Structure formats: structure tokens, C-alpha cells
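In: Okay, predicted coordinates and the sequence, questions at the end:
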Amino acid sequence: MATQLAPMISAPLKQTNEIDWISPLKSYIRATYGDDPERYSEECATLHRLRQDMRGAGKDSAAGRDLLYRYYGQLELLDLRFPIDENHIKISFTWFDAFTHKPTSQYSLAYEKASIIFNISAVLSCNAAHQNRHEDAGLKTAYHSFQASAGMFTYINENFLHAPSMDLSRETVKTLIAIMLAQGQEVFLEKQIADGKKVGLLAKLSSQAAFLYTQATEGVQENVTKAIFEKVWLLVCQIKANYMASLAQYYQALADNDANSHGVAICRLQLAEVHARDANRIANAFPSTVPTNSYLAADTGPVLADMTKRHLANIQERLVEFQKDNDFIYHQGVPNEASLTAIPKLPAAKAIPVSELYQGQDIQRIIGPDIFQKIVPMAVTESASLYDEEKAKLIRAESERVEIANDEMAASLDYLKLPDSLNILKGGMDQEMMVDDDFRKWCEELAGHAPFTAAFNQLNTDKSEISSMLDASMKQLDMEESVCEKMRSKYGVDWTQQPSSRLTATLRSDIRNYRGAIEEAGTSDAQLYSTFRQFESDFDEMRSAGETDEADVLYQRAMIKAGATKGKSPRPAEGNLLDEDFIDGPTVAEQISNVEELLRKLNLIKRERAQVLKDLKEKVHSDDISNVLILNKKAIANQESQLFKAELEKFRPHQNRILQANHKQASLLKELTRTYSDLLKDKRVRSEQNKYEAFSRQRNSVMTRYRRVYQSFNDLIAGLMRAQGFYSEMKETVSSLHKNVDTFVNNRRSEGGQLLTKIEQNKSQGADHEQQRLKDLMERMSMEPRPSGSPVSSGGGGVVTAAGKKQNRPPPLSSSSMVGSGGSGQMQYNPAASPPVTPRYPMTTGGGQAQGGQQQQYMSPQQSFKAANGFQSHPSLQQQQPPRRDSYNQTPSQIQAQNQPYNPNQYGPVSPPAHQQFFSPPPNQPHQPQPWGQSYQSSTPQPQAYAGLPQGYVPPPPPPGPPPQQVDYSQFVGSYPSGPGGYASVQRGSHHGVQGGGQGGGGGDPWAGLSGWR
């Protein structure tokens, strides 16, 4: 057996046709990922070339195995990005059955992968079958390859269902698994026999091999019946099943003989002889030429026949020997074959899973880089992000743990005032009082700084300038408003310029707001100045010390003021503590040394912990499991947490080191607290500790004082900078406001000047109209007959007699007679019965307002009419005219007003006067004519118009005729005064034409000139 090796069965490879990977992948990239497919031309060509190389992979070499596995790994990566099936990327994969050579085509990528896995298993079995098992390396390779082949076949059965071809069916693959495991067990048995192991172990190994070959024989028999396997495979399995059963009985017989069970040993040898004869018989019947599809060596039959023949001869020799010894020496009975106990089985071969196939090797090196790594699947990106978050949580937790430990150490040492307090205990603070570094830095920063007085003066100057500009702006606005209102008071409604109060509301509000801001800024300036005065002397001292580099002198002087000993820090009163020893117990020096050693250990732990945390962060940062996620995407579906947990275990050593450091620190802090407490309880230490505490308080008070000074200095600089910035911005803002005010005032002055010019022009025109009106009035009062054929006199008092002659007769002399006649007659013109014309009265101040500037009083229609004609504004005229003179001023509207008494209380304080036509200036009438009262003042005085009349002249009474009320005035409505204000419709008609029915004046109207008196 040692000189000749048993032949082994190897699975055949599947063959495939060539396919095109390039075009379908490019089309999908363009359609789905929206990317330029030409960017991936090289990747597509690489995948296509890899499949071409896979088709020619060698069947008995590790290189062929790696080539197949590389292609399979890239298919797994490809499956994560490209759905290759009948509905998406449609590629027809055609493979031929490994045994029957029948072609099978499918569009599924799973079929392609299953075929590749089958070929990997076949290559592994071929590689194992062709190894030289006389050498240890070859034997080990064969042993591992048979198990790996069984593992790959197992992977097919577990992951690929509904096989489209017979070679991939579950029964066929299961049979191949049994064959590979049986051959792996046989190889291991060969190694143990060659090493001369104990016969009991060999018997168990042989028993397991016989069991596996028996299982394989059953499967092969079924496939041979289906014409899938070659019959020679069945013969080989039968020969080896009998041969392994014979070996198991043979080695167990040797073991029984060694155990003095000679009768049992003889029975087992007899059984072994039976199995050996069967094996030799089948081997002798083995065909002399083996089919090519069986992939068996040509000398398989002779080798098996020779192997079984030698084994049978060996059994027969041993059987004769054992029987002879038993007959002559032991005389033990030979039991029946059925009474023999079964030989235990010892499995030595198992299917190696795919994950362990390349154990100890770089699987990434074999598979190669991801061909389409530039196309990252969204699922992998999401999983990687979740894993990054888990890593971040781990880092945060460990960082927090380290930070808490550091804080605990710092708090404990600060509470114990270590390590500074050891200096006084060792007498280390016996030097001159050294200036604190912070104090020196403060003095250096104050050195060369300009005094604050100039800055405060500048602030006051800026504030004064801003206040002056605000005052000037407000004064300009007040002056403009005053001028505008004075002009309005002088010219009344003719001054149509809009009041300034509405236009300047925003400007005045801004001025008030800016004043308020300046006042608040002044309060802040006062606080800054108060701070400056409070620390002025300290600023000067620190500035001087910084400029002369005498910060240490100032510091010592401050310490002396605080109560420290001049020039020295507190020292031991009687020698150094290190020189004193107790009679019993540790010395002070030893205790201090122990404390220092504990502090050194604590600092070492702190540095080590920080380094561990740093290493952990670097390792976590460089950790990338994207490849793991891609390779195991389908295996870890909905199980990311378990994978993350397993991956995070690689950081467990660093976490444990940090945890151990924290525990060690806690124990050292307890020991330090106890040791230092014992040291402080020492009587020699207590007095020095008190001195040190007093010195610390003095130093702290000095540093606190000057820290406050330094902080005030910085606050003062910051406050002054803010104040300067504020005043600078405020100056620009107020300057802009002042310019706006100037522009506004100038515009208002220009507008007022233009308006004043127009008013003066209107006054000049009004004087001419007034002269014409007086002339007309004089003609009305004349007693001479007029040549005109008009049936109505100018004064409205003439009537037509029955003879048809016109008599120029004045109206009744008194208002009472007018009222009486009005009550008895039938008036053809009744303003109250006419359609009311809504009066729109222009604003006027009347004669009194024009002269005295006082508020206008409401008047009756008669008074209003008289005032409008100038009679009320000349008292001398009122005294000279006769009592019945006012009858010449009667109008039909006044007669109607007498019939309906006038009540001034009807008008509220906001109602317009009776002679006002508009509530507000009309939108299309920017400049209104001058009221009568004001126009009359600028014209010739009224008394001059009546200079030719005698004092107390009374016109004669009217002749008999129809009452005046019966005269038809409707034809004169447009030219004669109408309404309670008189001449209102004439004024509107003269300026704007016909305004409505009954208010239009003709072109030859003798009263049209009255419109100029407005």
C-alpha cells in the first residue's frame, strides 16, 4: 500500500459559450445611472476578458482555481449594482452539462455563478486527485482540496435551488459531496498508516471511510441508472467501499488480538477476508480501458486489482497465524460474525465552507479590486454610513470616559493642592518672590498704551458735533414750519402749500430717536469714564512697570502690601523639614517621596490613556468595511447590527486598556489621598502648611486685584472702540439727515416763493375787477333812466308796469318789508324748492382774519354778504350810510334765508363758512382766487366810490306794480349771486366753465368780472 496509491475520482468541468458583457452593461449604465457609459469602457472590457480567461482555466492547478474564484467574486460585486435577469440586463448564459454535455441557457446571473462554483469544485477535485501523495506537501494539498471541493458543492446545494441541469441537481451534487469527503477521509487514512499510528485509530478512520464510500455508492448507482455518471465510477466506489470495510476489520482484529481477544480477532479477520475478496473480484472485472468522460487514469483497473490482491493476501496470512496461535496456545472460541460489535467511526474530513477556503490568504488579492467600484450601490453606502455612526458612538463613549477620568484626577489633585503644595513642604519656595507670568504679561500689554484722556475728549467732541447738527436740523424745521404757517395765516386758502407738520414727521422722529441714542451713549460714556477714573492709578503703575521692565518690583511691592514677608516667601522656622526625622515611623522625606512617586504614576497613566485613545481614533478612522459589506450584502440582509457588532470587536483591546487605566488611576488616587493625608497630619508639616496657605492667600489676593485691573483695561479699550465706532456711524447718519433737512427746507422755500409770486399776480388782477365792480354798483344806484332795454335793472329792483314801460325802482327799504312781501307773494324762484346744489366752499379767513389774524366768526347770510363786499371791514362807511341802505344788498337767496331763519349753531366747529365752496382745495385748482375781503383791501377804498352821494341820501320808494317776488330770476341765476355765500356759482363758472345746471354764465355776462375778486 505504501508503494502504490489508490486512484481518485475528480469531477468534470462545465463548458460554456462566449457572451458579450460590454454592450448590455453600457446600455444599463446610460439608462439607470445616467452616466456616460464610455467612462466605463475599460471596466466592461475587463469583465469581458475575465470571463474569456475563465473559460480556459486549468483544471488541475491553483491558478485555475484562483482565476475562477476571481471571476466569481467580480460577479458577486457586479450583482450589487446591476440586476442581471430577464427583466433588466438580459444576457443569455449557455452552459453544457458536465456529464451529459447537454446545453442549458438562462438569463439569470445565479445560473452563471452556480456554474462557476461547480467548476471551482471540479478544479479542486482534479487538483487533489493529481497530487503526489507520497510527499507530505502533496498529501496535505490533496486532503485540503477534497474538503474544499466538498464545501463548494455544499454551497451550491445551499444557495442555488431549482437547478436547470442535471449536474447541478441536489441529488447529483449530494453524491459528489459524499465522494469528495470519502476521498478526503481516505487520504487522511493513508497519512496515518504511513505514520504507523495505532491500529485502533486506523480501524476507526477506515470504518468512517467505508461508511462514506457506501453512501457515495448509493448515489452513484442512481446516477448511473439515469445515465449521468459513467459506470466505472460505480465500480471504483464499490471496490473502495469493500476495501475500506476490509481495512476496518483488519485493523480492529489486530487491536483485538493485542487485547487478548484472539477469538474475536480471528472472526474479524474472516470478515475482512470476505470484503477483500469482494473488492478484488470487482477490481478484476474493471474494464481495461476507461471512458474519457470518467476522468480516471488508464491504469485504474490494474492498480485497484493489485491493491486489493495484496491486501487479501495480507489478511489471509494474518488469519492463518492467528488461528494457529489460538489452536495451540489460547484455545478461545471464535464468535459468530453477527455477534461482533460495530467498529466506531472517526470522521477526519469535513466540507470546508467558502468563507474558510482562502483562510490565511488575502482574498482581496485573489479577487482583485472591484471593477465597478466607481459605481457605489446606495444600499452599501447606507450601510457604511450606519457603521460610521456606530464607530462615532464608540469614539464618543471612549473620549467621554477618558475625559471623566482626567477630570477626576485634576479635581482630586486640586483638592489636595498637589503638586504645588509639595514645594513648601520640601522647602522649595525659599527663593525670592518671583513675579507671576500672567502678571508680567499684563504689564507688558499695558506698556506703551496711550492715555485714555484723549479718547474721552474725542468722544465728547464727536457727541457735541452730533448734538449741534441735530439742533440745527430741528431749528431749520421749526423755522420752515413757522414761515409756512405765517404765510398761511396771511394769505388764507390761497396759500395752498401743504402743512409742514405732515411732511416733517419722519425727520422729526429721526431727530428725536438720534437724540435719545446720543443720550444713552452719553450714559455709557459716563460709565466708561467712571471705570477709567477708578483704575487710573493702577493703569499708570502697570504701564510704567511694563515700559521699564520692572514688573517684578511692582509684584513684590503688591505682595508686601498684602502682608507677605519682604523679599522672601514663607520658610521653615527651624531648618528644613527634610533634615528632621521621627524616632519611629517614616520620615517626612520618605513620605514626600511616596507622594511624588504616586504623582509620577498618575501622570504616566494619564499619558498612556491619551495615547491609547489617539491610537483608537486613528484605527477607527482608517477602518473601512465597504468591501465586507459588498461581499456579504445578501448574507447580512436585515442583519447589519450583528455584522457591525462583530466588526467593532476589533477595537475591544483599546477599550479594555482604557478601562484598566481608569481602574488603576482610581486605586492610585485613593492611595495618594491616604498618603498625603498622613503627611499633612505630621506636626512638623502642619505649621509649614499654614504658612504656605497664608502665602497662597496673599498671592491670590494680589493676582485677583490685578486681574480685575487688567480685565477693566481690556473692557475699557473695547468700550472706547465701540463708542468711537458708534459716534463715527452716528456722525455719518446725522450728517446725512442734516443734508436731507437742508434739501427739504430749500425745496419748501422754492415752492413757497413760486406760490407767493402767483398770489401777488392774482391780487393785481383782482384790483382791476374790483374797480369794475364798484362802477357797476354805482350805475345800479343811479336815479337816471338807462337807455338799455333790459326788463331788469342792475340792482334787481326794477319792475315792468302794465303799460310796458320800465321803471328803475329800488327794492323795499327795509328787510321787514321784504320779508312781508315775500310771505304774501308767489316766488317763481325758490332756492329751497330747487334741486340742491351741494356747496363746495373754498377756505377763507374773511376780512377780520386777513386784517387781524384772528379766527373767523360765523355770520348770517346778510352779514356774510356784506363782509364779502367789503362793507363790514370799513366802520366809517357803516356810520355814513342811511339805515335803509342795506336793502340794496338784498338778493333772492337772502330773501329765502329770511323766510327760513338762519341758525349758526347748525354748523359744527368743522363745518365750512357759508361763503366757502370747497372743503379742501380742488385737485385741479392749485391756486384759488383771492376772497373778496382780502381783494377789497388791496383795491380802491369803498368810501371813494360813494363820494358823490349826499349824506343820508334815501332813494325814493318804488312805483306801484307787481311785487318783486314775482319777477323771474331764473334767467339770471348763472350771473347773479345765488346761495347763502353769494357769487359762488359765478366764481366757479368764470374759472372752470359750466359746472352744472343753473350755474353757467354766458359770455356777455356783465358780472363775470366779479370772479377776479376772489
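Out: All right, it came through fine. Numbers count the residues shown, from 1 in each chain.

In: ok, Y387 - contacts?
Out: 625, 629, 640, 644, 647 (CB atoms under 8 Å, 6 or more residues apart in numbering). C-beta here means a position set from N, CA and C on the backbone, and glycine is covered the same way.

In: ok, which stretches of the stretch 201-350 of the chain are strands?
Out: Read by DSSP state E, counting those that start in this stretch, the stretch 201-350 of the chain holds no strands at all.

In: what does the chain give?
Out: Secondary structure of the chain (DSSP state E): strands at 15-16, 93-96, 103-106, 799-800, 806-807.

In: Distance to A182, mean neighbour count and mean pLDDT for these - can I get that in JSON lines?
Out: Below are the strands of the chain laid out as JSON lines (distance: least, CB to CB, whole Å; neighbours: other CB atoms under 10 Å; pLDDT from 0 to 100):
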{"stretch": "strand 15-16", "distance to A182": "27", "mean neighbour count": "16", "mean pLDDT": "91"}
{"stretch": "strand 93-96", "distance to A182": "27", "mean neighbour count": "20", "mean pLDDT": "93"}
{"stretch": "strand 103-106", "distance to A182": "29", "mean neighbour count": "15", "mean pLDDT": "92"}
{"stretch": "strand 799-800", "distance to A182": "157", "mean neighbour count": "18", "mean pLDDT": "41"}
{"stretch": "strand 806-807", "distance to A182": "160", "mean neighbour count": "16", "mean pLDDT": "43"}
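
In: which one of the ones you listed lies closest to D53?
Out: strand 15-16 (12.6 Å; CB to CB).

In: what packs against that closest one?
Out: strand 93-96 (3 or more CB pairs under 8 Å, 6 or more residues apart in numbering; DSSP states H and E).

In: now what about the strand it packs on, what contacts it?
Out: 14-17, 19, 102-109, 111-112, 115, 165.

In: do the same with stretch 527-536
Out: Against stretch 527-536 from outside (CB under 8 Å, 6+ apart): 452, 456, 539, 709, 712-713, 715-716, 719-720, 723.

In: go on, stretch 723-730?
Out: Here stretch 723-730 has contacts from 455, 458-459, 462-463, 466, 514, 517-518, 521, 524-525, 528, using CB under 8 Å, 6+ apart.

In: Quick one: mean pLDDT over it.
Out: Mean pLDDT, stretch 723-730: 91.

In: May I have that stretch as PDB, with CA atoms only?
Out: C-alpha atoms of stretch 723-730 as PDB (Å, rounded to 0.1, in the frame of the first residue of the first chain):
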ATOM      1  CA  ALA A 723     -18.100 104.100  21.400                       C
ATOM      2  CA  GLN A 724     -15.800 105.500  18.600                       C
ATOM      3  CA  GLY A 725     -17.400 103.300  16.100                       C
ATOM      4  CA  PHE A 726     -20.900 104.300  17.300                       C
ATOM      5  CA  TYR A 727     -20.100 108.000  17.100                       C
ATOM      6  CA  SER A 728     -18.500 107.600  13.700                       C
ATOM      7  CA  GLU A 729     -21.500 105.900  12.300                       C
ATOM      8  CA  MET A 730     -23.900 108.300  14.100                       C
END
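
In: Any stretches of the stretch 351-500 of the chain with poor pLDDT?
Out: 359-362, 376-378, 424, 426-433 (pLDDT under 70).

In: out of the contacts of stretch 723-730, which are buried?
Out: 455, 459, 462-463, 466, 514, 518, 521, 525, 528 (16 or more other CB atoms under 10 Å).

In: Find the pair from the residues you listed with maximum spatial separation.
Out: A455 and Y514 (22.2 Å).

In: Is there a neighbour count for E608? I'd like the number.
Out: E608: 15 surrounding residues under other CB atoms under 10 Å.

In: Quick check, it in contact with N662.
Out: No: E608 lies out of contact with N662 (CB atoms under 8 Å); the separation is 11.2 Å.

In: check contacts around T100.
Out: 166-167, 227-228.

In: try 7 Å
Out: 166, 228 (CB atoms under 7 Å, 6 or more residues apart in numbering).

In: roughly how far apart are it and A216?
Out: Using CB to CB, to the nearest Å, T100 is found at 20 Å from A216.

In: any chance of the contacts of stretch 723-730 in JSON lines, plus distance to I120?
Out: JSON lines is the format used below for the contacts of stretch 723-730 (distance: CB to CB, whole Å):
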{"residue": "A455", "distance to I120": "87"}
{"residue": "Q458", "distance to I120": "90"}
{"residue": "L459", "distance to I120": "89"}
{"residue": "D462", "distance to I120": "90"}
{"residue": "K463", "distance to I120": "92"}
{"residue": "I466", "distance to I120": "91"}
{"residue": "Y514", "distance to I120": "89"}
{"residue": "A517", "distance to I120": "86"}
{"residue": "I518", "distance to I120": "90"}
{"residue": "A521", "distance to I120": "87"}
{"residue": "S524", "distance to I120": "85"}
{"residue": "D525", "distance to I120": "89"}
{"residue": "L528", "distance to I120": "86"}
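
In: Need the max-distance pair from the residues you listed.
Out: Most distant of these, by CB to CB, are A455 and Y514, 22.2 Å apart.

In: low-confidence ranges in the stretch 1-150 of the chain?
Out: For the stretch 1-150 of the chain (pLDDT under 70), the answer is 1-3, 58, 60-61.

In: what about the helices in it?
Out: 22-28, 41-55, 62-79, 109-129, 136-159 (DSSP state H, counting those that start in this stretch).

In: which of the ones you listed sits most buried?
Out: Most buried of those by mean neighbour count (mean count of other CB atoms under 10 Å) is helix 109-129; its value is a mean of 25.

In: how big is the angle separating it from helix 41-55?
Out: 50 degrees (axes from the mean of the first three to the mean of the last three CA atoms, to 10 degrees).

In: which residues sit against helix 109-129?
Out: Contacts for helix 109-129 (CB under 7 Å, 6+ apart): 8, 10-14, 16, 57, 59-62, 64-65, 68-69, 71-72, 75, 79, 84-85, 93, 95, 98, 141-142, 145-146, 148-149, 152-153, 155-156, 160, 164, 167-168, 180.

In: Quick one, which of the helices of the stretch 1-150 of the chain gets closest to P302.
Out: helix 109-129 (17.4 Å).

In: Dump the closest one to CSV, keeping only the CA atoms.
Out: The C-alpha trace of helix 109-129 is given here as CSV (Å, rounded to 0.1, in the frame of the first residue of the first chain):
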residue,chain,number,x,y,z
LEU,A,109,-26.8,35.6,-13.1
ALA,A,110,-27.4,33.0,-10.4
TYR,A,111,-27.1,30.3,-13.1
GLU,A,112,-23.8,31.8,-14.2
LYS,A,113,-22.5,31.9,-10.6
ALA,A,114,-23.6,28.3,-9.8
SER,A,115,-21.8,27.0,-12.9
ILE,A,116,-18.7,28.9,-11.8
ILE,A,117,-18.9,27.4,-8.3
PHE,A,118,-19.3,23.9,-9.9
ASN,A,119,-16.2,24.4,-12.0
ILE,A,120,-14.3,25.6,-8.9
SER,A,121,-15.2,22.4,-7.1
ALA,A,122,-14.3,20.4,-10.2
VAL,A,123,-10.9,22.1,-10.4
LEU,A,124,-10.3,21.5,-6.7
SER,A,125,-11.1,17.8,-7.1
CYS,A,126,-8.8,17.5,-10.1
ASN,A,127,-6.0,19.2,-8.3
ALA,A,128,-6.4,16.8,-5.3
ALA,A,129,-6.6,13.7,-7.5
